[in-house]
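Engineer: Have a look at this prediction, sequence included:
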Amino acid sequence: MVNTRNLIDCFIFLKTYFYSFPLNKVFNLSEYNAKVSTSEKLPFIYLIHDEFADWMLIDEYKSTVSSTVQRLGVKARSAGIHLIFAAQRPDKDALPMQLRDNLGTRLILKVGSTGTSEIALGEKGAENLLGRGHIVARLSGEPNLIFAQVPYISSEEIYHLSTIIKER
């Protein structure tokens, strides 16, 4: 059996959060946490899934992830739940259309072909990046692509950053 417990737990948290929001007359987690006492504050949740494409080759996992992400959809962000999926090879089997449609922001490094760019980004362009940290982003609510340079970060800095995120 494939373990999808963390993703399903996010859905359970989402229900808990959205039950608490109307009781406090707020629309998102930041407003909720600003209104309640310190002991009642709810955490932001970051679920990071590395090597996502490899897991999506397992039918049971693919089915569970696709349906859960579809149910989470846009509501997860307002509840402070952030899903981060990393894939070395974004192809149509690893990122089915239903899943791509429910992921808000996409950050793409250089890919090998136009077809891969269209799957990962939704349009051509990522295949023309220079590499070396060049990135193209499709942000939720933004009509245009954003091109940027991502700085190098060492393993030590990654650990430090993940500690800061964990403390929040």
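Structural biologist: Done, it's in. This one's a predicted model, so the numbers in the text were calculated from it and none came from an experiment.
Engineer: ok, and for the helix or strand F11 falls within, which residues are buried?
Structural biologist: Assigned by DSSP states H and E, F11 belongs to helix 5-23. Using 16 or more other Cβ atoms under 10 Å as the test for burial, helix 5-23 gives 7, 10-11, 13-14, 17, 20-21. Yep, even glycine has a C-beta here, placed from its N, CA and C like the rest.
Engineer: Looking at the residue located most distally from the centre of the chain now. What's its pLDDT?
Structural biologist: Relative to the C-alpha centroid of the chain, counting by Cα atoms, centre = their mean, S37 is the outermost residue, at 28.6 Å. At S37, the model reports a pLDDT of 94.
Engineer: related to what we said a few turns ago, how about the buried residues of helix 5-23 in TSV, adding distance to E123 and pLDDT?
Structural biologist: What follows is the buried residues of helix 5-23, written out as TSV (distance: Cβ to Cβ, whole Å; pLDDT from 0 to 100):
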residue	distance to E123	pLDDT
L7	28	67
C10	29	73
F11	30	71
F13	33	76
L14	30	77
Y17	33	79
S20	38	86
F21	35	88
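Engineer: can you tell me which of those lies nearest to H49?
Structural biologist: Set against H49, the nearest of those by Cβ to Cβ is L7 (8.0 Å).
Engineer: that's a strand at I48, yeah?
Structural biologist: Yes: under DSSP: H, G, I helix; E, B strand; the rest coil, I48 falls within a strand.
Engineer: Skipping its backbone neighbours, what lies nearest it in space?
Structural biologist: Leaving aside its chain neighbours, I48 sits nearest to I84 (4.5 Å; criterion: Cβ to Cβ, 6 or more residues apart in numbering).
Engineer: quick one: secondary structure of that neighbour?
Structural biologist: Going by three-state DSSP: I84 is strand.
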